[in-house]
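Asker: my questions concern the predicted model and sequence given below.
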Amino acid sequence: MTGKPHLLTPAALPFVLWSALGRFERNGGWILASHVAMSLMLALFPFFLFVVALASALSSAPNVDQLAGLILTIWPEAVGQPLVEELKSVLSNGNVQLVTLGGALALYFASNGIDAIRLAITRAYRDIDPRPFWKTRALCLVFVLVGGVVLLASLTLGLGLPAYFHLVAERIPDPLGTWIENRLLKTAVVVLLLTLGVSAFHIWLPGMRHRFGEVWPGVVLTILLWFGAVWGFSLYMNHFANYAATYAGLAAAMAALIFLYLIGAILILGAEFNAALHRRRDGIDD
């Protein structure tokens, strides 16, 4: 049912969020989040291996620790650290050369995670995707390629800027100076990467093209909730969870899967939030 357009005010945002939560529940958001989580879990290692292969093609000695730290920087330490160790184990004994030779296969499997996000966001926006399979798959492959290049560029940026931040921090009294040197740079790079990535998901992945001016509220909500989820999940892992008692050797993998499930749900909720804003702006009642 349609009516007069509603005025979008800060006071209306809680009602919009409540509407988005209702639509998220009614439209199978948790089911879609599980699909995104599983697809991302299966794509995580291939994507990392592709990035390392790309780095090895550009440099004879890619720094695996720094790459892993950048990719998993927003993960809770209890979840991300075991994955980093497993990734390093996979890359041992000359595996980087093997990955380079099989890079095309790693690239394809990594794109499956992007395709799951595409399906979830398209459904959240109620879009119809008229593009054929080959075009959507090519788009997902482009996302993986560009994502790898951006990560390597960000790594270079993160290695070059600390010297300048150190000069600035020396002139600022502690503890503010230490915080600027140790935290501000890393946080700034992570927020920039998240903003670029989530915005790209909302603009180019759905069946219909959306402008940044239409999607930025959901992008901001997603990033804020992600940081909150990292903090909350870290507390949960450190004080309450005992996955080893339930899953034994699979504890690290199950913790990562549950965390990705939460991340996927937040990403879909961000798209639902934007869709709810659009309906309220156009005077469309739920």
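Answerer: Received it, and whenever you're ready, just let me know what you need. Residues are numbered from 1 along each chain as shown.

Asker: residue 151 contacts residue 51, doesn't it?
Answerer: Yes: counting by C-beta atoms under 8 Å, residue 151 touches residue 51, with 5.7 Å between them. Heads up, the C-betas are built off the backbone N, CA and C, glycines and all.

Asker: of these two, which one has the most company?
Answerer: Between residue 151 and residue 51, counted using other C-beta atoms under 10 Å, residue 51 has the larger neighbour count: 26 against 19.

Asker: measure that one to residue 110 for me?
Answerer: 9 Å (C-beta to C-beta, to the nearest Å).

Asker: ok, residue 144 next?
Answerer: Taking C-beta to C-beta as the criterion, residue 144 is separated from residue 110 by 5 Å.

Asker: who touches both of the two?
Answerer: Overlap between the contact sets of residue 144 and residue 110, as judged by C-beta atoms under 8 Å, 6 or more residues apart in numbering, is given by 47, 50.

Asker: with neighbour numbers in mind, choose between these two.
Answerer: A direct count of neighbours by other C-beta under 10 Å for residue 144 and residue 110 places residue 110 higher, at 27 against 23.

Asker: quick one, helices of the stretch 101-250 of the chain?
Answerer: Ranges of helices in the stretch 101-250 of the chain, per DSSP state H, counting those that start in this stretch, are 103-124, 133-160, 162-170, 176-179, 185-204, 212-239, 243-247.

Asker: let's have those helices in JSON lines, adding mean pLDDT and distance to residue 29.
Answerer: Shown next, in JSON lines, are the helices of the stretch 101-250 of the chain (pLDDT from 0 to 100; distance: least, C-beta to C-beta, whole Å):
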{"stretch": "helix 103-124", "mean pLDDT": "83", "distance to residue 29": "8"}
{"stretch": "helix 133-160", "mean pLDDT": "78", "distance to residue 29": "21"}
{"stretch": "helix 162-170", "mean pLDDT": "56", "distance to residue 29": "40"}
{"stretch": "helix 176-179", "mean pLDDT": "56", "distance to residue 29": "37"}
{"stretch": "helix 185-204", "mean pLDDT": "85", "distance to residue 29": "16"}
{"stretch": "helix 212-239", "mean pLDDT": "89", "distance to residue 29": "13"}
{"stretch": "helix 243-247", "mean pLDDT": "66", "distance to residue 29": "24"}
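
Asker: right, so those helices: which one is the most enclosed?
Answerer: Looking across those with neighbours counted as mean count of other C-beta atoms under 10 Å, the highest average goes to helix 103-124: a mean of 21.

Asker: what residues does it touch?
Answerer: Residues from elsewhere that reach helix 103-124, judged by C-beta under 8 Å, 6+ apart: 24, 27, 29, 32-33, 35-36, 38-40, 42-44, 46-47, 49-50, 53-54, 99, 129, 136-137, 139-141, 143-145, 201-202, 205-207, 264, 267-268, 271-272, 275.

Asker: if we can go back for a sec, would you turn the helices of the stretch 101-250 of the chain into CSV with distance to residue 13?
Answerer: Listed next are the helices of the stretch 101-250 of the chain as CSV, based on distance: least, C-beta to C-beta, whole Å:
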stretch, distance to residue 13
helix 103-124, 18
helix 133-160, 30
helix 162-170, 35
helix 176-179, 31
helix 185-204, 18
helix 212-239, 8
helix 243-247, 36
